[in-house]
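Undergrad: here are the coordinates; sequence isn't available:
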């Protein structure tokens, strides 16, 4: 499980250290893609492969499946961990998430999210305000 919240700074080359406790899970590489919110979503390679294999094949219209695949795969980048446990954040993903220097890496169970620290502060408050309602709706 990928858990916790970690604050970092990007270096001048756009590299981000990965939290040491996540590095074993990321040893085969990381797939980075645009998050649904204004963040970068980072999947360990095995999790990305599971996600790709789970995409619908027939219950949704073919046009919707094509759009989903375009959205997921066209913006995805495979990045290896370097010898110092860092990954490079491609410019298009940094632009999407408005990441410039201060970064927060959060664990979200089987994937990570990479946020601009100011955007994360806002999202964190919003998420905490809604968590009770979300839990109740799941129990229903």
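TA: Sure, I can see it. These numbers come from a predicted model, not from an experiment.

Undergrad: which residues does the residue nearest to the spatial centre of the chain contact?
TA: What sits nearest the mean C-alpha location of the chain, by Cα atoms, centre = their mean, is residue 41, with 1.4 Å. Contacts for residue 41 were tallied using Cβ atoms under 8 Å, 6 or more residues apart in numbering; they are 32-35, 111-114. In this view, the C-beta of every residue, glycine as well, is placed from N, C-alpha and C.

Undergrad: identify the bridge partners of it.
TA: Beta bridges link residue 41 to residue 33, residue 113, judged by DSSP bridges.

Undergrad: cool, and residue 106?
TA: According to DSSP bridges, beta-bridge pairing links residue 106 with residue 5, residue 113.

Undergrad: what is the burial count for it?
TA: The local packing of residue 106 (other Cβ atoms under 10 Å) involves 19 other residues.

Undergrad: pLDDT-wise, which helix or strand of this structure ranks last?
TA: When the helices and strands of the chain are compared on mean pLDDT, DSSP states H and E, helix 62-73 comes out lowest with a mean of 85.
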